[in-house]
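Trainee: 3D, please:
(one chain, ligands or ions: 1)
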Amino acid sequence: MEKRAFVTKEMIEEIAKTYPTPFHIYDEKGIRANAKALKEAFAWNPGYKEFFAVKATPNPYLIDILRDYGCGCDCSSMTELMLSHAMGVKGEDIMFSSNDTPVEEFVYADKIGATINLDDITHIEFLEKAIGHLPKTLSCRFNPGGYFSISNSIMDNPGDAKYGFTTEQMFEGYRILKAKGVENFGIHAFLASNTVTNDYYPELARQLFELAVKLKEETGAHITFINLSGGIGVPYRPDQEANDIYLIGEGVRRAYEEILVPAGMDDVAIYTELGRFMMAPYGHLVTQVIHEKHTHKEYIGVDACAVNLMRPAMYGAYHHITVLGKENAPCDHKYDVTGSLCENNDKFAIDRMLPEIEIGDYLAIHDTGAHGFAMGYNYNGKLKSAELLLREDGSVKLIRRAETPRDYFATFDCLDIYDKFEF
Ligand SMILES: *Cc1c(COP(=O)(O)O)cnc(C)c1O
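Mentor: Predicted structure coming up:
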């Protein structure tokens, strides 16, 4: 699939007059069309709800767009809970799927009425001690171990993941919770990440539905929701084909009708906690070329660095790059595209074939709308960039300003030193 940027050189030249590069820019039109499609794909299930994984893109302006399509928030930390609550997201629209959870986060999640998804059987006692009771509704995260495969191809390795209850612990946990008065039960599992196949959710659903039937039969628990969590991926590479969310929804519906309905469980709500799928394709990191360097390799130096987008440095992840204004030029130059960190892994691309690049060119780094800005950090004293929203009418709104040195120094108690700096 050809990857085209949703911004042009002319647009960026105009925007950069007000908001200097680097910045992340998000495409409202794309976010809306995708959220609408997801909602339609699961409309067959009356209780369906997407809890957007806040960690992917924790920006209230963007989350508010998703709320127009009925989305809630999936949180994994105190500040994500605080953000969702401050935005006016109702308790029942907040899922708290955390792990290694600090006591005060359970206390706060309970206080704001979030649904708690337990990561471990020992957290039953931990939670009860923390809040003095158990909520009426609780969810348990499941990890069957081993490998997760679809038609003989291994998708991921849950056996090596720190999350969730084992199968035996799910049964024991449900029994304990039921004995302690919990009335409504959920099952959650996240068994493969960034899957670019229409078969992941349907296969996961099948496994969870079968487990749900057994859990109900053996423990008598009333299972009210099954949370397929995140894991639907996006085509980062041009040779990958995008998932078809309608086929995915239909595959889950078939499994539902084959497994849950005959077991008398036709009131189970399907939940999802998608992050990447909701946002990644609708964000670009826009950066300007400030240097070229000809040594043992050909380097292009840009004004963004791994602080703005960590995935290439952290996972060797591929992010497509468009040289704006040169969309139709031949890709006949091989470059390493680098940031300025004192780390040799600070490269957005290695040996990438691109059109001939000149200083001053703007690059759009694709698919940065999820796990992009959010993973940012401050190494080398680098500051986090602004986030902009490209609205449907073509206007641009600043939805998070860029950090300033004052922000960077704010956690020291010697601001007077800072105030003596001259810029
Ligand atoms: C990260 C995460 C998600 C979202 O994952 P994506 O790959 O972005 O869809 C959902 N749920 C939990 C518990 C997570 O940790």
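
Trainee: Glu40 should be in a helix, yeah?
Mentor: Yes: read with DSSP: H, G, I helix; E, B strand; the rest coil, Glu40 is one of the residues of a helix.

Trainee: Get me the contact residues on this structure for the ligand.
Mentor: 53, 55-56, 74, 76, 97, 190, 193-194, 229-231, 273-277, 370 (Cβ under 6 Å from any ligand atom). In short, each C-beta sits where N, CA and C put it, glycine included.

Trainee: separation between Ile187 and Glu273?
Mentor: 13 Å (Cβ to Cβ, to the nearest Å).

Trainee: Helix or strand for Thr348, just tell me which one.
Mentor: Careful, residue 348 is Phe; it's not Thr. strand 347-354 (DSSP states H and E).

Trainee: picking that back up, can I have the buried ones of the residues of the chain next to the ligand as a PyMOL selection?
Mentor: Per 16 or more other Cβ atoms under 10 Å, the buried members of the residues of the chain next to the ligand correspond to this PyMOL selection:
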select buried, resi 53+55+56+74+76+97+190+194+229+230+231+273+274+275+276+277+370
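
Trainee: taking the residues of the chain next to the ligand one by one, which sit in strands?
Mentor: 53, 74, 97 (DSSP state E).

Trainee: Leu354: neighbour count?
Mentor: Per other Cβ atoms under 10 Å, the neighbour tally for Leu354 reads 21.

Trainee: where's Met95, which helix or strand?
Mentor: Per DSSP H and E: strand 94-97 holds Met95.

Trainee: Please name the strands paired to that strand in the sheet, noting orientation.
Mentor: Partner strands and pairing direction for strand 94-97 (DSSP bridges) are strand 72-75 (parallel), strand 115-118 (parallel).

Trainee: how far out from the middle of the chain is the next helix or strand after the first one?
Mentor: Past strand 72-75, further along toward the C-terminus, the next helix or strand under DSSP H and E is helix 78-86. Here helix 78-86 shows a centroid-to-chain-centroid distance of 16 Å under the convention Cα atoms, centre = their mean, to the nearest Å.

Trainee: buried sites along helix 78-86?
Mentor: Quick answer for helix 78-86 (16+ other Cβ under 10 Å): 78, 80-81, 83-85.

Trainee: Kindly provide the whole-number mean pLDDT of the strand holding Met95.
Mentor: For strand 94-97, mean pLDDT rounds to 98.

Trainee: and for the lengthiest helix in the chain, what are the contacting residues?
Mentor: Counting by DSSP state H, the longest helix found in the chain is helix 200-219. The contact list for helix 200-219, computed with Cβ atoms under 8 Å, 6 or more residues apart in numbering, reads 142, 144, 148, 150, 155, 167, 170-171, 174-175, 178, 185, 187, 189, 191-192, 221-223, 226, 228, 231-232, 248, 251-252, 254-256, 259-260, 263, 265, 268, 270.

Trainee: Equivalent analysis for stretch 333-352, please.
Mentor: Stretch 333-352 is contacted from outside by 297-309, 312-313, 319, 321, 353-357, 363, 365, 379-380, 382, using Cβ under 8 Å, 6+ apart.

Trainee: ditto for stretch 98-110
Mentor: Applying Cβ under 8 Å, 6+ apart, the set of residues contacting stretch 98-110 is 75-78, 81-82, 94, 96, 116-117, 119-120, 123, 126-127, 130-131, 135, 141, 162-163.

Trainee: one more time with 6 Å, if that's ok
Mentor: If you take Cβ atoms under 6 Å, 6 or more residues apart in numbering as the criterion, stretch 98-110 is touched by 76, 78, 81, 96, 116, 119, 127, 130-131, 163.

Trainee: Pull the most distant pair out of those.
Mentor: By the measure Cβ to Cβ, Ile131 and Tyr163 form the most distant pair in the contacts of stretch 98-110, at 21.9 Å.

Trainee: ok so, going back, ranking the strands paired with strand 94-97 by mean neighbour count, which comes first?
Mentor: strand 72-75 (a mean of 28; mean count of other Cβ atoms under 10 Å).

Trainee: distance between it and the chain's centre?
Mentor: The answer for strand 72-75 is 11 Å, by Cα atoms, centre = their mean.

Trainee: repeat for stretch 350-359
Mentor: Counting by Cα atoms, centre = their mean, stretch 350-359 comes out at 29 Å from the chain centroid.

Trainee: Any buried residues in it, and which?
Mentor: 352, 354-355, 357.

Trainee: That stretch spans what distance, first to last residue?
Mentor: 18 Å (Cα to Cα, to the nearest Å).

Trainee: Please apply the same query to stretch 95-109.
Mentor: 9 Å.

Trainee: again, but for stretch 136-153
Mentor: Stretch 136-153 end-to-end distance (Cα to Cα) = 39 Å.

Trainee: Could you pull up the mean pLDDT of it?
Mentor: For stretch 136-153, the mean pLDDT works out to 94.

Trainee: buried sites along it?
Mentor: Buried residues in stretch 136-153 (16+ other Cβ under 10 Å): 137-144, 148, 150.

Trainee: cool, stretch 339-353 as well?
Mentor: Going by neighbour count (16+ other Cβ under 10 Å), the buried part of stretch 339-353 is 339-341, 346-349, 352.

Trainee: before we move on, what about stretch 33-46?
Mentor: For stretch 33-46, burial by neighbour count (16+ other Cβ under 10 Å) applies to 34-35, 38-39, 41-42, 45.

Trainee: Any chance of these in a markdown table with pLDDT as columns?
Mentor: Below are the buried residues of stretch 33-46 laid out as a markdown table (pLDDT from 0 to 100):
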| residue | pLDDT |
| --- | --- |
| Asn34 | 98 |
| Ala35 | 98 |
| Leu38 | 98 |
| Lys39 | 98 |
| Ala41 | 98 |
| Phe42 | 98 |
| Asn45 | 98 |
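
Trainee: and which of these is nearest the ligand?
Mentor: The ligand lies nearest to Leu38 out of those, by Cβ to the nearest ligand atom, at 11.7 Å.
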